[in-house]
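K.L.:
need coordinates for the below:
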Amino acid sequence: MSVPERPPSVPADAVFNAEGAFWELREANERGEAHGAWCTFTPEGELRTRGSYANGKLEGYLSRFTDGQPGSPLLRGCCVPPGAREHRTRFREGRMLEDFFLDGLGRPLSSDGTPWPEPPPTVPEHACWTPHSGTFVEHVDVDETRAVMRSFSLEGALLQELDTTNGRVNGRRTYAGGDVCVESTGLDEHGKNHGPYAQRVSAAESPYADARIVVVRGAHEHGERTGPWEYFDADGGVLLRVDYGAAWGDTVSAAAGGTEPCGDDAEARWATAERLWSDGRSRDAVAVAARALARDGDAPRFRAFLAGRVLELGPGQAQAYAEAADAARASVGSLLGAILGGADPAAGLCGLAMALPSATLAAVDYIDAALHLGPEGERVRAARALLRVERGERDAALADTALLDEAGATATFLRDLCRVAFPTFDFAPATDPVEPPAEELVAVEAAQPLDAVRRTVGLYATRLELVRGQLSRRLGDVPWLPPDLRALLPSGPVALGKGTVRIEDEGDAGIEVSEVAFDETLDLGASVRELLTTARGDWAALSWLCWSAGLDRVALPEALTPRALFPVAAHRVTVRCWRAHDRLRSAGLVALAKDVPSFDWEGMRIDTMPSQFVAVAAREYLDVRALFFWLLFEVNQSPFQADLRRV
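P.N.:
Model (predicted):
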């Protein structure tokens with residue numbers, strides 16, 4: 001392209017770039033690096049780009065322009081506000097800080113094309129309007145990795161500063177009127193308070209019962225209060241000092257978990273709690289004091305133990321703090337720390353009990369202590385019922401449920417939970433029989449030989465006997481144990497295997513060989529409810545295995561009698577397994593779109609039952625489906641192969 005005549009708007013130093021067909025002004029330093037002004041113009045002299053460099057790196061604002069006419073260059077590939085005529089980006093030493101768009105009148109635009117509100121004089125020059133938060137935000141570049149994001153209100157007051165490193169927020173300061181910092185904290189990679197912490201409160205907004213508290217100083221470790229916290233008055237005097245000790249993280253101390261001896265009677269526990277406090281183990285001391293309260297029910301003594309040692313919050317604040325800690329699924333250490341920090345003890349102890357494994361010795365103590373502190377609390381009563389279900393105390397859980405509003409949602413849920421958690425172990429094909437299909441299905445049949453079927457009956461019987469024995473050792477001869485299946489094991493228990501099996505399949509290219517993992521073993525250390533969920537699935541699979549062999553009860557088959565409805569049963573369990581898992585993954589939306597039929601399980605519709613029950617149903621149907629998949633192909637060696645259990 002030949003060099004066109006220079007338009008009057010193009011500077012005399014600009015050079016025509018024939019390859020790109022534009023005029024360009026680029027100043028340089030003595031090393032030839034871009035330095036100073038940089039502009040580009042169309043051949044007709046319309047400004048398209050304007051910016052500046054400093055020693056080869058973009059510095060300050062870089063603007064791109066368009067006249068909005070058809071065929072004019074795009075300001076950006078997407079997400080350009082309506083009416084935008086300029087895209088302005090700020091750089092420092094080549095690093096992009098922020099960008100925004102302007103209209104033809106030079107007014108900055110929001111994403112919907114509306115102009116920004118006029119910033120007051122106290123808002124820094126480079127602050128950008130963010131409509132979703134209703135604030136002006138200034139990006140203050142510190143160096144190549146660090147920056148500070150400062151937020152200002154529509155009235156121009158500084159609200160917050162966020163420290164960032166490589167884009168991650170690692171510090172936060174919150175301000176009130178007059179640029180007074182009311183909270184300062186570091187933050188970890190998950191956004192939890194981490195490092196030194198400081199707070200300044202006003203009497204009108206103070207969460208503390210002692211209105212003299214003005215300044216708070218302490219520290220967090222990944223959201224958990226740690227070390228000494230001090231509470232100061234306006235003159236700098238220390239009003240209260242609470243020592244949280246070292247952070248616990250996800251660990252549970254022996255004293256809090258109930259494995260460290262603290263005495264069986266209440267007085268011994270009170271003495272241990274006092275000793276632990278004197279030794280600086282404040283969280284352990286609170287835990288053992290709560291366990292003493294569980295023994296003697298002396299709520300005034302427990303409150304006296306805390307008085308003067310823990311922070312006292314104002315009306316409503318104690319309950320809110322406890323609920324916030326519980327909702328955040330705080331660790332055991334954080335929950336005990338919350339009590340030290342003024343959280344309502346009843347709510348905190350209730351959350352503590354639910355945070356511990358159900359088999360932990362102290363879990364029931366914390367629930368009982370919470371009930372002594374707040375006997376009218378439905379939440380605590382319901383929490384004890386849930387804990388008792390986990391521990392296998394069905395009748396006690398139902399007794400707690402009976403004390404709740406009979407028609408309420410909580411009581412209904414707990415009654416259903418007891419029915420689901422403690423199955424009746426009926427012969428499944430009899431209670432939920434298959435019916436002839438409305439349309440013909442693909443003809444399939446069981447392919448496993450009698451020896452393999454008998455071995456698998458023994459496999460399920462062995463697993464169920466192990467669960468039965470474990471539950472009996474923990475709870476005694478309770479009426480809801482899995483059935484006694486020793487008659488199915490004439491040669492003794494079957495060895496439970498774990499490892500890989502070699503599977504040979506006929507593929508398009510001939511025989512295909514694969515190594516498939518399998519695991520027939522059990523975790524006998526699981527909670528009672530988890531063990532019963534395992535037993536439920538194994539019993540259902542065993543029932544359908546015996547049915548597939550031609551039996552009408554659970555027994556060791558002597559021969560195989562094919563079932564005409566075997567294809568129907570295999571198809572039904574496959575659909576139900578998918579349907580239950582779809583409810584967990586998409587809330588059933590995919591099944592609804594595909595018009596996959598619904599079904600009832602344990603007297604509840606799969607589409608409307610609580611998700612906790614859906615998970616149990618999905619596990620049961622997966623166990624039964626794996627059994628049918630194993631039956632279909634003789635090459636399969638165990639229904640516990642990983643390839644048969646993919647969802």
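
K.L.:
which secondary structure elements does the strand or helix carrying Asp416 contact?
P.N.:
If you go by DSSP states H and E, Asp416 is part of helix 409-421. Using 3 or more CB pairs under 8 Å, 6 or more residues apart in numbering; DSSP states H and E as the contact test, the elements touching helix 409-421 are helix 378-391, helix 394-402, helix 528-548, helix 611-632. Quick note: C-beta positions are derived from backbone N, CA and C, even for glycine.

K.L.:
can you put those helices in CSV and add mean neighbour count?
P.N.:
Supplementary listing: the helices and strands packed on helix 409-421 in CSV, determined by neighbours: other CB atoms under 10 Å:
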stretch, mean neighbour count
helix 378-391, 22
helix 394-402, 18
helix 528-548, 23
helix 611-632, 22
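
K.L.:
if you average pLDDT over each of the ones you listed, which is lowest?
P.N.:
Confidence, taken as mean pLDDT, is least for helix 378-391 of these (a mean of 87).

K.L.:
before we move on, back to that, out of the helices and strands packed on helix 409-421, nearest to Ser184?
P.N.:
helix 378-391 (34.2 Å; CB to CB).

K.L.:
CA atoms of the closest one as CSV?
P.N.:
Once side chains and other backbone atoms are set aside, the C-alpha atoms of helix 378-391 remain, and they are given as CSV (Å, rounded to 0.1, in the frame of the first residue of the first chain):
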residue,chain,number,x,y,z
GLU,A,378,-36.0,-28.4,70.0
ARG,A,379,-32.7,-28.3,68.1
VAL,A,380,-30.8,-29.9,71.0
ARG,A,381,-33.4,-32.6,71.5
ALA,A,382,-33.4,-33.3,67.7
ALA,A,383,-29.6,-33.4,67.7
ARG,A,384,-29.6,-36.0,70.5
ALA,A,385,-32.0,-38.1,68.5
LEU,A,386,-29.7,-37.9,65.5
LEU,A,387,-26.7,-38.8,67.6
ARG,A,388,-28.6,-41.8,69.1
VAL,A,389,-29.5,-43.0,65.6
GLU,A,390,-25.8,-42.9,64.6
ARG,A,391,-24.9,-44.9,67.8
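
K.L.:
ok and that helix relative to helix 394-402, angle-wise?
P.N.:
Orientation note: helix 378-391 sits at an angle of 160 degrees relative to helix 394-402 (axes from the mean of the first three to the mean of the last three CA atoms, to 10 degrees).

K.L.:
any low-confidence regions in this protein?
P.N.:
By pLDDT under 70, the low-scoring segments of the chain are 1, 178, 326-328, 506-510.

K.L.:
I'd guess Pro429 is in a helix, am I close?
P.N.:
Yes. Per DSSP: H, G, I helix; E, B strand; the rest coil, Pro429 lies within a helix segment.

K.L.:
leaving out sequence neighbours, find the closest residue to it.
P.N.:
Spatially, and ignoring its direct neighbours in sequence, Pro429 is nearest to Trp547 (4.1 Å; CB to CB, 6 or more residues apart in numbering).

K.L.:
got a list of what that neighbour touches?
P.N.:
Going by CB atoms under 8 Å, 6 or more residues apart in numbering, Trp547 touches 427-429, 563, 569.

K.L.:
repeat that with 10 Å
P.N.:
Counting by CB atoms under 10 Å, 6 or more residues apart in numbering, Trp547 makes contact with 427-430, 433-434, 553-554, 563, 565-566, 569.

K.L.:
next one: Leu622
P.N.:
Leu622 is in contact with 537, 541, 573, 576-578, 580-581, 644-647, counting by CB under 10 Å, 6+ apart.

K.L.:
of the residues you listed, buried ones?
P.N.:
Buried members of these, scored by 16 or more other CB atoms under 10 Å, are 537, 541, 573, 576-578, 580-581, 644.

K.L.:
output those residues in CSV, with distance to Leu403 appended to each entry.
P.N.:
Conversion of the buried ones among the contacts of Leu622 to CSV gives the following (distance: CB to CB, whole Å):
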residue, distance to Leu403
Gly537, 32
Ala541, 37
Val573, 39
Arg576, 36
Cys577, 38
Trp578, 40
Ala580, 33
His581, 36
Leu644, 45
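
K.L.:
scan the contacts of Trp547 and report the most crowded one.
P.N.:
When the contacts of Trp547 are compared by neighbour count (other CB atoms under 10 Å), Val554 ends up highest, at 22 neighbours.

K.L.:
phi first, then psi, for it.
P.N.:
Here the main-chain torsion angles of Val554 (degrees, to the nearest 10) amount to phi -80, psi 120.

K.L.:
OK, contacts around it?
P.N.:
Residues touching Val554, when contacts are defined by CB under 10 Å, 6+ apart, comprise 425, 427-428, 457, 460-461, 464, 483, 485, 487-488, 539, 542-543, 545-547.

K.L.:
from Asp426, how far out is it?
P.N.:
Plainly put, Val554 is 10 Å away from Asp426 if you go by CB to CB, to the nearest Å.

K.L.:
just Ala246 next, same as before
P.N.:
Using CB to CB, one gets 53 Å for the distance from Ala246 to Asp426.

K.L.:
just Leu386 next, same as before
P.N.:
Taken as CB to CB, the spacing of Leu386 relative to Asp426 amounts to 25 Å.

K.L.:
ok, which pair from the contacts of Trp547 is furthest apart?
P.N.:
Distance extremes for these: the farthest pair is Val554 and Leu565 at 18.5 Å, using CB to CB.

K.L.:
re the thing from before, ok, the residue nearest to Pro429 to Pro436 distance?
P.N.:
For Trp547, the distance to Pro436 equals 16 Å [CB to CB].

K.L.:
joint contacts of Val554 and Asp426?
P.N.:
The overlap between the contact sets of Val554 and Asp426 (CB under 10 Å, 6+ apart) consists of 539, 543.

K.L.:
mind giving me the domain ranges of this protein?
P.N.:
249-421, 433-495+522-644 (automatic domain parsing).

K.L.:
so which of those gets nearest Arg76?
P.N.:
Counting by CB to CB, and looking across all of those, nearest comes domain 433-495+522-644 at 34.7 Å.

K.L.:
got the end-to-end distance for that closest one?
P.N.:
Taking CA to CA, to the nearest Å as the measure, domain 433-495+522-644 stretches 23 Å from start to finish.

K.L.:
and stretch 28-37, how far out from the chain middle?
P.N.:
52 Å (CA atoms, centre = their mean, to the nearest Å).

K.L.:
stretch 618-634 too?
P.N.:
Stretch 618-634 has its C-alpha centroid displaced from the chain centroid by 30 Å (CA atoms, centre = their mean).

K.L.:
ends of stretch 74-83, what's the gap?
P.N.:
For stretch 74-83, the first-to-last residue distance is 12 Å (CA to CA).

K.L.:
so which bits of that stretch are buried?
P.N.:
Neighbour counts using 16+ other CB under 10 Å place 75, 80-81, 83 of stretch 74-83 among the buried residues.

K.L.:
make a markdown table from the residues you listed and add secondary structure and distance to Asp67 to it.
P.N.:
Rendered in a markdown table, the data for the buried residues of stretch 74-83 read as follows (DSSP: H, G, I helix; E, B strand; the rest coil; distance: CB to CB, whole Å):
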| residue | secondary structure | distance to Asp67 |
| --- | --- | --- |
| Leu75 | coil | 11 |
| Val80 | coil | 14 |
| Pro81 | coil | 16 |
| Gly83 | coil | 12 |
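
K.L.:
tell me which of the residues you listed is nearest to Arg212?
P.N.:
Looking at these and their distance to Arg212, the nearest is Pro81, at 51.8 Å (CB to CB).

K.L.:
which one's the longest helix in this structure?
P.N.:
Among the elements of type helix in the chain, defined by DSSP state H, the one spanning the most residues is helix 450-475.

K.L.:
what's whatever helix or strand comes next after that one in contact with?
P.N.:
The first helix or strand that comes after helix 450-475 along the chain, using DSSP H and E, is strand 498-507. The set of residues that contact strand 498-507 without belonging to it, under CB under 10 Å, 6+ apart, is 511-521, 633, 635-638, 640-643.

K.L.:
that concludes my questions; thank you for your assistance.
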